[in-house]
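A.B. asks: Kindly return the folded structure for what I paste below:
(one chain, ligands or ions: 1)
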Amino acid sequence: MDTVTFTLGAGEVLLDRLLEDGIAVTHECGGKLACSTCQVVVRQGMEHLSAISEDELDMLDRASADAPGTRLACQAVSDGGEVVVALPESTVPARAAGFSPIQLSESATAYLGAQIARLPGAVALRLGVEPAGCSGFRYRVDHADEIRQGDTVFESGRVRIAVDALSLPYVQGTRIDLVREGLAQRLRYENPNVRQTCGCGESFGV
Ligand code: FES
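C.D. replies: Take a look at the predicted model:
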């Protein structure tokens with residue numbers, strides 16, 4: 001299992017720190033202690049985390065999570081200090097393959113997060129590319145009803161972003177911002193993989 005080492009600040013929640021660092025730990029209930037999907041194993045530094053509560057223990061019992069040091073990351077609040085955390089297998093493929101995280105600006109997080117929240121059954125934002133335009137590709141942004149096999153899931157500002165395997169090399173490391181142009185607003189992509197863009201701004205080449 002991969003491990004990461006953090007120095008957490010006082011009052012910092014372990015799940016928040018993992019997500020901020022681009023480690024896509026699943027957290028289906030949004031930190032409400034109702035799902036047990038945010039399990040991690042704390043290898044060192046447990047003394048810097050809040051004591052495990054009866055409710056957290058109960059949730060771990062129900063999930064048969066009995067490895068020593070297992071915590072629900074959303075419930076572990078630091079008093080300040082270094083912790084070493086073994087990452088869930090589901091977070092490893094993107095890291096192991098060396099893909100850079102996809103990040104949303106604050107305004108893009110608010111805008112896209114609200115769109116996803118409005119759609120019943122949506123579990124993530126789906127970002128991809130498709131052939132188009134004069135330069136080769138254009139972005140495709142949609143909601144995802146499911147995480148498909150082969151998807152890599154990133155997390156930014158608590159918005160999950162699913163990317164299919166074919167699109168991933170073209171969008172890894174992209175930062176998405178929401179910009180205003182007069183009365184309109186549009187998404188702007190800062191994509192380190194882009195080598196050329198066309199005059200219409202609709203497509204890009206790599
Ligand atoms: Fe559901 Fe932590 S996110 S219990």
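
A.B. asks: Backbone dihedrals for residue 160, both of them.
C.D. replies: Backbone torsions of residue 160, given as degrees, to the nearest 10, read phi -90, psi 140.

A.B. asks: Test my guess that it contacts residue 122.
C.D. replies: No. Residue 160 lies out of contact with residue 122 (C-beta atoms under 8 Å); the separation is 9.7 Å. C-betas here are computed from N, CA, C, even on glycine.

A.B. asks: Between those two, point out the one with more neighbours.
C.D. replies: residue 160 (22 against 17; other C-beta atoms under 10 Å).

A.B. asks: residue contacts, that one?
C.D. replies: Applying C-beta atoms under 8 Å, 6 or more residues apart in numbering, one finds that residue 160 lies in contact with 24, 123, 124, 125, 153, 154.

A.B. asks: Pick the one among these closest to the ligand.
C.D. replies: The shortest approach to the ligand among these belongs to residue 24, at 12.7 Å (C-beta to the nearest ligand atom).

A.B. asks: didn't residue 136 look like it was pressed against residue 204?
C.D. replies: Yes. Residue 136 sits in contact with residue 204 when judged by C-beta under 8 Å, with a separation of 6.7 Å.

A.B. asks: Redo the contacts of residue 160 as CSV? Include distance to the ligand, neighbour count and pLDDT.
C.D. replies: Formatted as CSV, the contacts of residue 160 follow (distance: C-beta to the nearest ligand atom, whole Å; neighbours: other C-beta atoms under 10 Å; pLDDT from 0 to 100):
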residue, distance to the ligand, neighbour count, pLDDT
24, 13, 25, 69
123, 14, 16, 86
124, 15, 22, 88
125, 18, 24, 92
153, 14, 20, 81
154, 17, 27, 82
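
A.B. asks: which of these sit farthest apart?
C.D. replies: 123 and 154 (13.5 Å; C-beta to C-beta).

A.B. asks: I'd say residue 60 and residue 36 touch.
C.D. replies: Yes. The pair residue 60 / residue 36 is scored as a contact, 6.5 Å apart, by C-beta under 8 Å.

A.B. asks: shared neighbours of those two, anything?
C.D. replies: residue 72.
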